[in-house]
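A.B. asks: Structure of the sequence below:
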Amino acid sequence: MRTYEIILLLANLSTFFLMFRKRSKKVWLGIAGLNLVILCLHGVVEGFRFQLIFSYAYVVLLTVYAWVKSSGRFTFKSPPPLKAALLILSAVGLLLTSILTYVFPVFTLPKPTGSYQVGVKYFNWVDDNRMDPFLDPPSQKRELMVKVYYPAEKDRTVPYASYFHQSPAYVKSFIGGFGIPAFLFQHLSRVTTNGKEGLPLSDQEPSYPVILFSHGAGTSVEVQTSQCEDLASHGYIVAAIDHPYISSVTQFPDRLVSAREATATFDTSEATAVLSQIMADDSEFVITSLNELNEGKIDSDFKGKINLNEIGAIGHSLGGSAAYNLALNDSRIQAAINLDGDVYITPRDNSKMAPFLMLASDQNTRLIQDGEPLMMKNINHIPDEMREKALAPYGGNEKAYNEDYEHARQNILGLIDVLIESGNFYHIEGSSHLEFTDMGLFIGNPQLRELLGLGGKIDPEKCLEITKSVTLAFFDQHLKNETENALESLTYKHPQLKKLQLTH
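C.D. replies: Here you go, the predicted model:
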């Protein structure tokens, strides 16, 4: 809860207990006035939100009551049953307010652990060599938004940027993609990040290595903020790519574009593999654009400051599969991390692959250890009542389903070969898929968080802390040539982090 929210609730509760004794008119006016002043300060400084609606109603009713009582115009004396009912309603309303603000907090993003101030800049780039594959018929070139985090010069006069561009419309469209009432999360735009827009790039180093970050399908570049900020605070230029129509919603300078606006359909059993390749193509185009930034072809203070000889790639879920793809097929990538994502290609030659690390949740760790695809089940393991639904995309053809399943299984076996060779398969005990993003912070109650699939047994802040530590140690090792022991030592620092050995 935010400062004025806490003060407002404390003022409400104090007033509630004062109701059990008779007070003078001046006291009631003073109490109501205090509550009203705190409410106004909360609105001006922090902004109103739905979760405190009962508190707001309480203050309004209290103010009306105090005014009526002090005016002397009304002599109506409320009967004891009515007074009792009002007290009960007030108590229930304040209790609900406390619960709602706990369950849906205006949370604080974890502080970056590096020494650099984090700067943020947005770039809107168009790939003139590709038509957008999500539009049918093809009507425009592929257009991307890229949020660049970077080590910046400190400036205390510049305010910290807000989450989701401080845009209620952005939040509404994002949350709408999950089928959840958007008003429950409208406060996300009031969360403050640790980055500041428009700061000059730090000149502490002659240049900085680059990391490409890709979000998962149906999420957003915004929910990877805490990880991107942390990497930038340690001296990396992080290009967080918003992949339009794969993300839930993309905010361009002049419009919002939702995934639901895509007009092309991928009527193929390999649809997810196609999406993964599109993300990899987007990433390769971003490398080209970063090169233009570095050469000064695009006006910015990044000229000559981007070390394109040291490029890493990381992604969550489907974005992790794109990072895997890049590690296998793009020689410019020097290190890659897959955060709990499936893979959709089978390596032909591991010897040319960039150093690779996989960090997995409980569920996906078990599947990989069993050599099972993460997104498909063996048809014999699907309950009869669910089998028809699983076969529906194949027209009920079990043979076609099994062929796809076997292809997906070969991809996982290829991943196992890669992880055996790299020795970099890590698991965070108690973690769930979305805890590798900021989304675990969206819900304050652990039980509800787990019920909605936003969290596991581990605290989401702890999961992010471990994820950031692993990510940083791996990229430091391969992009900055720092000690190899740092990664191994993290298993002692964080008991929930396990390094796993795979066998065929």
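
A.B. asks: mind listing the helices in the stretch 101-250 of the chain by residue range?
C.D. replies: Remark: helices assigned in the stretch 101-250 of the chain by DSSP state H, counting those that start in this stretch are 168-176, 225-233.

A.B. asks: buried residues in the first one?
C.D. replies: It refers to helix 168-176. By 16 or more other Cβ atoms under 10 Å, the buried positions in helix 168-176 come out as 168, 170-176. Placement of C-beta: from N, CA and C, glycine included.

A.B. asks: hmm, back to that, got the helices of the stretch 101-250 of the chain as JSON lines, with mean pLDDT and distance to residue 58 columns?
C.D. replies: Compiled in JSON lines, these are given as follows (pLDDT from 0 to 100; distance: least, Cβ to Cβ, whole Å):
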{"stretch": "helix 168-176", "mean pLDDT": "92", "distance to residue 58": "25"}
{"stretch": "helix 225-233", "mean pLDDT": "98", "distance to residue 58": "34"}
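
A.B. asks: Any chance of the ones you listed in CSV with distance to residue 420 as columns?
C.D. replies: Output for the helices of the stretch 101-250 of the chain, formatted as CSV (distance: least, Cβ to Cβ, whole Å):
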stretch, distance to residue 420
helix 168-176, 38
helix 225-233, 27
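
A.B. asks: Those: which one's closest to residue 370?
C.D. replies: With Cβ to Cβ as the measure, helix 225-233 is the member of the helices of the stretch 101-250 of the chain nearest residue 370 (28.3 Å).

A.B. asks: gap between that closest one and the chain center?
C.D. replies: 12 Å (Cα atoms, centre = their mean, to the nearest Å).

A.B. asks: who's in contact with that helix?
C.D. replies: With contacts defined as Cβ atoms under 8 Å, 6 or more residues apart in numbering, helix 225-233 is touched by 109-110, 112-119, 147, 149-151, 163, 193-195, 211, 213, 238, 240, 314, 438, 464, 467-468, 471-472, 475.

A.B. asks: same thing but at 6 Å, please
C.D. replies: With Cβ atoms under 6 Å, 6 or more residues apart in numbering as the test, helix 225-233 has contacts from 109-110, 112-114, 116, 118, 149-151, 193-195, 211, 213, 238, 240, 438, 464, 468.

A.B. asks: Mark which of these are buried, thanks.
C.D. replies: Buried members of the contacts of helix 225-233, scored by 16+ other Cβ under 10 Å, are 109-110, 112, 114, 116, 118, 149-151, 193-195, 211, 213, 238, 240, 438, 464, 468.

A.B. asks: buried sites along the helix or strand bottoming out on mean pLDDT in the chain?
C.D. replies: When each helix and strand of the chain is scored by mean pLDDT, DSSP states H and E, helix 80-103 comes last, with a mean of 84. Neighbour counts over helix 80-103 (16+ other Cβ under 10 Å) mark 90, 93-94, 97-98, 100-101, 103 as buried.

A.B. asks: what packs against it?
C.D. replies: helix 53-71 (3 or more Cβ pairs under 6 Å, 6 or more residues apart in numbering; DSSP states H and E).

A.B. asks: pLDDT averaged over the helix it packs on, what's the number?
C.D. replies: For helix 53-71, the mean pLDDT works out to 87.

A.B. asks: now that helix, how far from the centre of its chain.
C.D. replies: 39 Å.

A.B. asks: same check, this time on stretch 322-332
C.D. replies: 23 Å.

A.B. asks: Equivalent analysis for stretch 315-335, please.
C.D. replies: 19 Å.

A.B. asks: From the contact counts, what lies against the biggest strand by length in the chain?
C.D. replies: Ordering each strand of the chain by length in residues (DSSP state E) puts strand 117-131 first. With contacts taken as 3+ Cβ pairs under 6 Å, 6+ apart, strand 117-131 sits against strand 141-152, strand 195-197, helix 225-233.

A.B. asks: Out of these, which one sits most buried?
C.D. replies: Comparing these by mean neighbour count (mean count of other Cβ atoms under 10 Å), helix 225-233 comes out on top with a mean of 26.

A.B. asks: circling back to that earlier point, for the least confident helix or strand of the chain, output the C-alpha coordinates as CSV.
C.D. replies: The C-alpha coordinates for helix 80-103 follow below in CSV (Å, rounded to 0.1, in the frame of the first residue of the first chain):
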residue,chain,number,x,y,z
PRO,A,80,-30.5,2.1,17.4
PRO,A,81,-31.1,-0.6,14.7
LEU,A,82,-30.3,1.9,11.9
LYS,A,83,-27.2,3.1,13.7
ALA,A,84,-26.1,-0.5,14.2
ALA,A,85,-26.6,-1.3,10.5
LEU,A,86,-24.6,1.8,9.5
LEU,A,87,-21.8,0.7,11.8
ILE,A,88,-21.8,-2.8,10.4
LEU,A,89,-21.8,-1.5,6.9
SER,A,90,-18.9,0.8,7.7
ALA,A,91,-16.9,-2.0,9.3
VAL,A,92,-17.6,-4.3,6.3
GLY,A,93,-16.6,-1.5,3.8
LEU,A,94,-13.3,-0.8,5.6
LEU,A,95,-12.5,-4.5,5.9
LEU,A,96,-13.2,-4.9,2.1
THR,A,97,-11.0,-1.9,1.4
SER,A,98,-8.1,-3.5,3.4
ILE,A,99,-8.5,-6.8,1.6
LEU,A,100,-8.7,-5.3,-1.9
THR,A,101,-5.6,-3.1,-1.4
TYR,A,102,-3.7,-6.1,-0.1
VAL,A,103,-4.8,-8.4,-2.9
